[in-house]
Each structure stands twice: as structure tokens, then as C-alpha cells.
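Asks: take this sequence and fold it.
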Amino acid sequence: MLDPWLQFAVTLTAAIVIAVIVSFIVTGIVRLIARRHDWPGDLVRRARRPFRAVVLVVAVWAGIGLAFPRELRDEWMPPLTQTLTIAVILASAWLLSALVSFATDLALGRHRIDVPDNRHARRIRTQTLIVRRLALVLIVVVAIGAILLTFPAVRTVGASLLASAGIASIVAGLAAQSVLANIFAGVQLVFSDALRVDDVVVVEGEWGRIGEITLSYVVVDLWDERRLVLPCTHFTTQPFENWTRQGSELLGAVEIDVDWRVSPARMRRHLDEILADTDLWDGRTSVLQVTDAVGGLVRVRILVSARDAPTLFDLRCRVREDMVVWVQQAMPAAVPAQRLLWADSGTDATPSDGRDAARHNGADASIGGRTDDADVLEDDHGSGLFTGSAEAERRASTFTQAIPIVHVDGAGDPRR
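Replies: Sure thing, here's the model as predicted:
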């Protein structure tokens with residue numbers, strides 16, 4: 001009969017060899033699958049070490065339990081069992097963390113956000129990152145709790161705390177109120193699809209993109225490379241602008257104050273030339289309208305569209321600059337000017353007839369340039385923001401589709 005210690009050494013060695021063989025067999029099976037797919041290779045690289053650690057610890061535990069010398073069992077087995085239990089818990093937590101990271105990275109790799117139409121991918125990415133953080137935190141908390149419960153003293157304290165769990169939970173909730181509020185706010189933001197990674201937002205008067213969403217804070221990458229860090233509760237309690245909630249396409253306005261002698265028709269034709277000469281415009285919207293005419297000036301508003309916010313900013317600057325240069329060169333009479341009327345206090349003011357006004361208007365128009373009457377007469381006012389084109393009609397329907405519209409064909413023949 002073999003010596004007990006020799007028998008223990010042989011059994012422990014055999015258990016370790018079996019664990020190594022099992023580990024290599026599993027790895028080989030996964031590598032065979034990897035020949036047809038790409039993901040098994042990544043799984044082997046991530047989970048190989050934690051899997052081998054779990055198998056090795058379980059094999060050592062089995063070897064100790066089968067062949068440990070009987071005369072030392074009562075003295076050495078309890079601490080050895082506790083140590084091996086803690087090792088199994090740590091190795092299992094390591095393996096689960098690796099599997100969670102692999103699964104989430106696999107999901108992220110299948111949904112790219114570096115493409116133009118990435119709304120669905122950004123939603124999946126945001127939710128996946130939050131789920132991964134929640135899962136990793138849960139694994140760590142459960143592992144720590146399981147390790148603590150291996151100590152008899154901790155189990156005794158835990159049993160005594162169950163009696164006062166209600167009071168303890170109230171105290172803990174009050175102490176961690178802000179932390180829990182941020183955690184719940186982060187989960188709410190992600191799963192309500194109100195905010196996603198890479199969304200373009202305007203918050204606290206700053207424009208930027210959502211760079212990161214965690215369980216406690218949100219990082220906004222501002223346009224000038226600054227980082228704005230806000231708690232998650234800010235986005236659930238304060239209003240903010242999300243420019244990519246449904247899509248990245250945007251409308252932008254350019255407003256110019258010019259003189260009353262301006263010709264909107266000529267400005268509209270030049271706007272068409274500007275947009276035709278740039279790739280920044282997406283071809284959806286091009287509108288020039290006079291939105292105000294008070295205080296001695298005429299306000300012209302130009303609406304253009306682009307595929308995303310950065311492109312729209314550059315397009316607005318391009319249109320504004322080209323329009324300013326064009327007004328200076330082609331229509332200097334439209335440059336804003338202030339007029340003063342001097343009247344002799346001893347002369348009675350008499351109303352002038354239409355011909356005098358016409359003469360004065362003609363004289364004004366001859367200063368620095370002139371407005372072509374044919375432009376005004378032939379101008380069809382172009383397409384408006386809500387009328388004049390299919391895109392404008394679609395935009396108008398979003399504001400009027402819930403309102404019943406009545407069409408009347410003759411007297412007494414209303415139709416809905």
C-alpha cells in the first residue's frame with residue numbers, strides 16, 4: 001500500500017494533468033469552430049486563462065478531497081476548503097467577466113457608428129455599454145459577497161443584520177440618495193433612447209457630441225475639444241437639445257440685414273449659384289425669404305440644409321460670406337444705410353404726390369447701384385419654408401396633419 005502522502009501527490013498530479021488535458025481539448029474544439037467564423041478565436045484569447053484557472057482550481061480541490069491524509073483532515077481541511085472556495089469564486093468571476101466583455105465587444109463590433117446612418121447602431125452601442133457596466137458591477141458585488149460568506153463570523157453578522165434590514169436600507173438609501181438617483185437616471189436615459197453615444201446635443205449653452213454615458217455621469221465632447229461632464233440627473237431634470245434624435249439632417253438659418261433697395265429675386269438666384277457650387281449642401285432645402293422690414297432695414301433669412309451639424313455650420317458660414325461679398329460687389333445699393341431728412345423749420349411741409357415720391361425713389365436707387373424692376377415683376381418668390389415644393393409640403397404636414405383641413409368647392413360644399 002502506498003504511503004498516504006505519496007498517494008496524495010499522485011492523485012493531485014493526476015488531477016492537474018486531467019485539468020490541463022480538458023483545457024486543451026476545449027480549446028481545440030473552439031479553434032475548430034474558429035475556422036468557419038471569426039468570433040471563436042477572440043473568445044479563446046479572452047477566456048483561455050480564466051477558464052484554465054477555474055478548471056485547475058476545481059481539479060486541485062477534487063484531488064485534495066480524494067487523497068488528503070486522514071490524520072490531518074480535521075486540522076487542515078477546513079482552511080484548505082475555504083481557501084479553495086475563495087479561489088473558485090475569484091476564478092469564476094474572472095471567467096464571467098471575460099465572457100461578458102467578449103459578448104458586448106462582439107455586439108459593438110457588429111454595429112458600427114462610423115457610418116452616416118448610424119442611429120440604430122448608436123442606440124445598441126449605448127445600451128450595450130451600460131449593460132456591460134451593470135453586469136461587471138454585479139459580478140464583482142456577488143463575488144465579494146460570496147467570499148465574505150465563507151467566513152463564519154461574517155455569516156453570523158449577516159444573520160443578525162437581517163433583523164434590522166428595514167432600518168439599514170432606509171439609512172443607506174438616504175445616505176446614497178444622489179448616487180442612486182444618478183444610477184437610475186443613467187439607466188433611464190439609455191433604455192428610453194433619449195440619449196445615445198455620438199448624439200449631437202446642445203446642453204448648458206454648449207454644442208458637442210456625447211462621448212460617454214456611465215451610470216453616474218455623461219461626458220460631452222465639445223466642439224473646441226473641451227469636455228463637459230454632467231451628472232445623469234441633469235439630462236432627466238433639465239431640458240436639452242438633441243440634434244440627432246431621429247436623424248442627422250438639419251436646417252440652418254442665415255440672416256442678413258440689407259437696405260430697402262435690395263432685390264430678393266437677384267439674391268435668390270445668387271443663392272442657387274452658391275449652393276450649386278458646393279458639396280456641403282444636401283439638396284433638400286433652399287429658401288430665401290424676407291422675414292422683417294422695419295427700422296429702415298429689410299431682414300432676409302436664408303434657410304439651407306445639410307447632412308449633419310458640422311457640415312451645416314460650414315455651409316452657413318459659406319453662404320453668409322458669399323452673400324456679403326456679392327451684395328458689396330453686385331448690389332452696393334443694398335448695403336445697409338441710415339437716412340436723415342433735414343427740413344427748414346420756417347417752411348410748411350406739404351404732402352408730395354406719387355410722382356414726387358417716384359422721383360425721390362429713382363434718385364435713391366441711382367446712388368451706388370439700382371434695382372432692376374424686371375426682377376421684382378418676374379420674381380415668383382421661389383419656394384417657401386412650408387409651400388412651393390414637395391419637401392416644403394412634407395414639412396408643413398408635420399405641423400398640420402392633426403388639424404382637420406376643409407376644402408370648399410363652391411358654396412355649401414365643404415369636404416374634409
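Asks: shouldn't residue 133 be in contact with residue 214?
Replies: Yes: when contacts are counted by CB atoms under 8 Å, residue 133 is listed as touching residue 214 (6.7 Å). The way it works is simple: take the backbone N, C-alpha and C, and place the C-beta from them, glycine included.
Asks: what does residue 204 show for phi and psi?
Replies: Dihedral pair for residue 204: phi 60, psi 30, per degrees, to the nearest 10.
Asks: count the neighbours of it for me.
Replies: Using other CB atoms under 10 Å, residue 204 has 12 other residues around it.
Asks: any idea how far residue 206 is from the spatially closest residue to residue 259 that is not a sequence neighbour?
Replies: Nearest in space to residue 259, with sequence neighbours left out and distances taken as CB to CB, 6 or more residues apart in numbering, is residue 334 at 4.9 Å. Noted for residue 334: a distance of 36 Å to residue 206, by CB to CB, to the nearest Å.
Asks: out of the two, which sits in the busier spot?
Replies: Between residue 334 and residue 206, counting by other CB under 10 Å, residue 334 is the more crowded of the two (25 against 13).
Asks: can you map out the helices along the chain?
Replies: Along the chain, counting by DSSP state H, helices occupy 4-34, 39-67, 73-109, 119-148, 152-163, 165-175, 177-191, 232-237, 264-276, 309-330, 354-365, 373-378, 390-400.
Asks: pipe the ones you listed into TSV and attach mean pLDDT, distance to residue 338 and mean neighbour count per row.
Replies: Putting the helices of the chain into TSV (pLDDT from 0 to 100; distance: least, CB to CB, whole Å; neighbours: other CB atoms under 10 Å) gives the following:
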stretch	mean pLDDT	distance to residue 338	mean neighbour count
helix 4-34	76	78	14
helix 39-67	80	71	18
helix 73-109	85	60	16
helix 119-148	82	49	16
helix 152-163	61	81	10
helix 165-175	54	65	10
helix 177-191	76	52	16
helix 232-237	87	46	18
helix 264-276	91	21	18
helix 309-330	91	17	16
helix 354-365	43	13	11
helix 373-378	47	24	11
helix 390-400	68	36	12
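Asks: now render those as JSON lines, adding distance to residue 201.
Replies: Putting the helices of the chain into JSON lines (distance: least, CB to CB, whole Å) gives the following:
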{"stretch": "helix 4-34", "distance to residue 201": "41"}
{"stretch": "helix 39-67", "distance to residue 201": "33"}
{"stretch": "helix 73-109", "distance to residue 201": "21"}
{"stretch": "helix 119-148", "distance to residue 201": "12"}
{"stretch": "helix 152-163", "distance to residue 201": "44"}
{"stretch": "helix 165-175", "distance to residue 201": "31"}
{"stretch": "helix 177-191", "distance to residue 201": "12"}
{"stretch": "helix 232-237", "distance to residue 201": "9"}
{"stretch": "helix 264-276", "distance to residue 201": "27"}
{"stretch": "helix 309-330", "distance to residue 201": "10"}
{"stretch": "helix 354-365", "distance to residue 201": "48"}
{"stretch": "helix 373-378", "distance to residue 201": "42"}
{"stretch": "helix 390-400", "distance to residue 201": "22"}
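Asks: who are the contact partners of the nearest residue to residue 102 once chain neighbours are set aside?
Replies: Nearest in space to residue 102, with sequence neighbours left out and distances taken as CB to CB, 6+ apart, is residue 46 at 4.8 Å. By CB atoms under 8 Å, 6 or more residues apart in numbering, the contact set of residue 46 is 98, 99, 101, 102.
Asks: and the helices of the chain: which comes nearest residue 258?
Replies: helix 309-330 (6.4 Å; CB to CB).
Asks: contacts for that closest one, please.
Replies: With CB under 8 Å, 6+ apart as the test, helix 309-330 has contacts from 200, 207, 243-244, 248, 250-254, 256, 258, 262, 266-267, 270-271, 274-275, 278, 280-282, 302, 304-306, 334-335.
Asks: do stretch 130-140 as well
Replies: Defining contact as CB under 8 Å, 6+ apart, one finds that stretch 130-140 is touched by 93, 96-97, 100-101, 104, 186-187, 190-191, 213-215.
Asks: repeat that for stretch 198-207.
Replies: The contact list for stretch 198-207, computed with CB under 8 Å, 6+ apart, reads 113, 118, 122, 125, 195, 208-210, 220, 222-223, 228, 230, 234-235, 238, 240-245, 248, 308-309.
Asks: okay, which residue is most central for this protein?
Replies: Residue closest to the average C-alpha location in the chain (CA atoms, centre = their mean): residue 199, at 2.5 Å.
Asks: any idea how far that one is from residue 222?
Replies: In terms of CB to CB, residue 199 sits 14 Å off from residue 222.
Asks: repeat for residue 214
Replies: Residue 214 is 18 Å from residue 222, where distance means CB to CB.
Asks: do the same with residue 306
Replies: In this view, residue 306 and residue 222 are 20 Å apart by CB to CB.
Asks: neighbour count: those two, which is higher?
Replies: With neighbours defined as other CB under 10 Å, residue 306 and residue 222 compare such that residue 306 has more, 24 against 15.
Asks: follow-up on the earlier one: from what I see, the residue nearest to residue 259 and residue 262 are in contact.
Replies: Yes: if you go by CB under 8 Å, residue 334 and residue 262 touch, sitting 3.8 Å apart.
Asks: could you pull up phi and psi at the residue nearest to the centre of the chain?
Replies: phi -70, psi 140.
Asks: nearest to residue 296, out of the helices of the chain?
Replies: It's helix 354-365; of the helices of the chain, that one is closest to residue 296 (CB to CB) at 12.4 Å.
Asks: starting at the chain centroid, how far to stretch 195-208?
Replies: The chain centroid and the centroid of stretch 195-208 are separated by 7 Å under CA atoms, centre = their mean, to the nearest Å.
Asks: state the distance from the residue nearest to residue 102 to residue 242.
Replies: In terms of CB to CB, residue 46 sits 35 Å off from residue 242.
Asks: OK, contacts around the residue nearest to residue 259?
Replies: 258, 259, 261, 262, 263, 327, 369.
Asks: which pair in these spans the largest distance?
Replies: It's 258 and 369 that sit farthest apart of the contacts of residue 334, by CB to CB, at 11.9 Å.
Asks: these two - which one has more neighbours?
Replies: residue 258 (23 against 17).
Asks: nothing else from me, thank you.
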